[in-house]
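>>> Structural data only, the sequence is not supplied:
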């Protein structure tokens, strides 16, 4: 409704051609119209900003909605198994390991006032009183085993002297930059390579 008010009338928010036409996005060099997040982020428009927020919320809700089908007596009973190649415990129906992290949505209301909302799907998962929900991580187990076996001095130093983000430290070393300058993309690429 906010986007429709900004534009003046309703339109199909999921149709990329319609969105491109409303935001006056030209075709790229391949003669295609793109309304990706990168394209919308470059447009200084409240409609473009609101569409990015809408897409984030719609994607998150579509990931969460299937969980409503497996609620029994007000509780969610997931299924887990440890038949993965690494021996890790994996969850499905629902995969609680993939629940979207909390995120902040910044927007301007119809009066132009800046607003900020925290969207939290993880807070929906709670235990019975007196019980606890535990989250455990192998803490880069494979990378630690690799470091031990190969005895690489750089990796060994990082592992021994780090309680911090190991992938951020490795990304900094590989890119020859300070840890504080490591981007989320560089960290992700490093984690994938490791």
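Alright, I've got the coordinates. The structure presented is a predicted model; accordingly, all values stated were derived computationally and were not measured.

>>> What is the burial count for residue 78?
14 (other C-beta atoms under 10 Å). (Glycine included, C-beta is placed from N, CA and C.)

>>> Strands of this structure, start to end?
71-72, 75-76, 79-81, 90-92, 103-108, 114-119 (DSSP state E).

>>> out of those, nearest to residue 21?
Within these, the stretch nearest residue 21 is strand 103-108; the backing value is 22.6 Å (C-beta to C-beta).

>>> Sheet partners, orientation included, of the closest one?
strand 114-119 (antiparallel) (DSSP bridges).

>>> and the strand it pairs with, how far from the chain's centre?
With C-alpha atoms, centre = their mean, to the nearest Å as the basis, strand 114-119 stands 17 Å off its chain's centre.

>>> Buried residues of it, list them for me.
Residues residue 119 are the ones in strand 114-119 that count as buried (16 or more other C-beta atoms under 10 Å).

>>> again, but for stretch 64-73
Here stretch 64-73 shows residue 67 as buried, counting by 16+ other C-beta under 10 Å.

>>> average pLDDT across that stretch?
In this model, stretch 64-73 has an average pLDDT of 78.

>>> for it, how far is the first residue from the last?
Distance across stretch 64-73, first residue to last, is 18 Å (C-alpha to C-alpha, to the nearest Å).

>>> What lies in contact with that stretch?
Stretch 64-73 is contacted from outside by 76, 77, 78, 93, 94, 99, 100, 121, using C-beta atoms under 8 Å, 6 or more residues apart in numbering.

>>> quick one: the longest helix belonging to the chain to chain centroid distance?
Identified as the longest helix of the chain according to DSSP state H is helix 46-64. Distance, stretch centre to chain centre, for helix 46-64: 12 Å (C-alpha atoms, centre = their mean).

>>> got a list of contacts for stretch 11-21?
Stretch 11-21 is contacted from outside by 3, 4, 22, 25, 33, 34, 35, 51, 54, using C-beta under 8 Å, 6+ apart.

>>> Count the residues that sit near the residue lying closest to the fourth one once chain neighbours are set aside.
Yep, that's residue 25 we're talking about. Once flanking residues are discounted, residue 25 sits nearest to residue 33: 6.0 Å by C-beta to C-beta, 6 or more residues apart in numbering. By the criterion of other C-beta under 10 Å, residue 33 has 15 neighbours.
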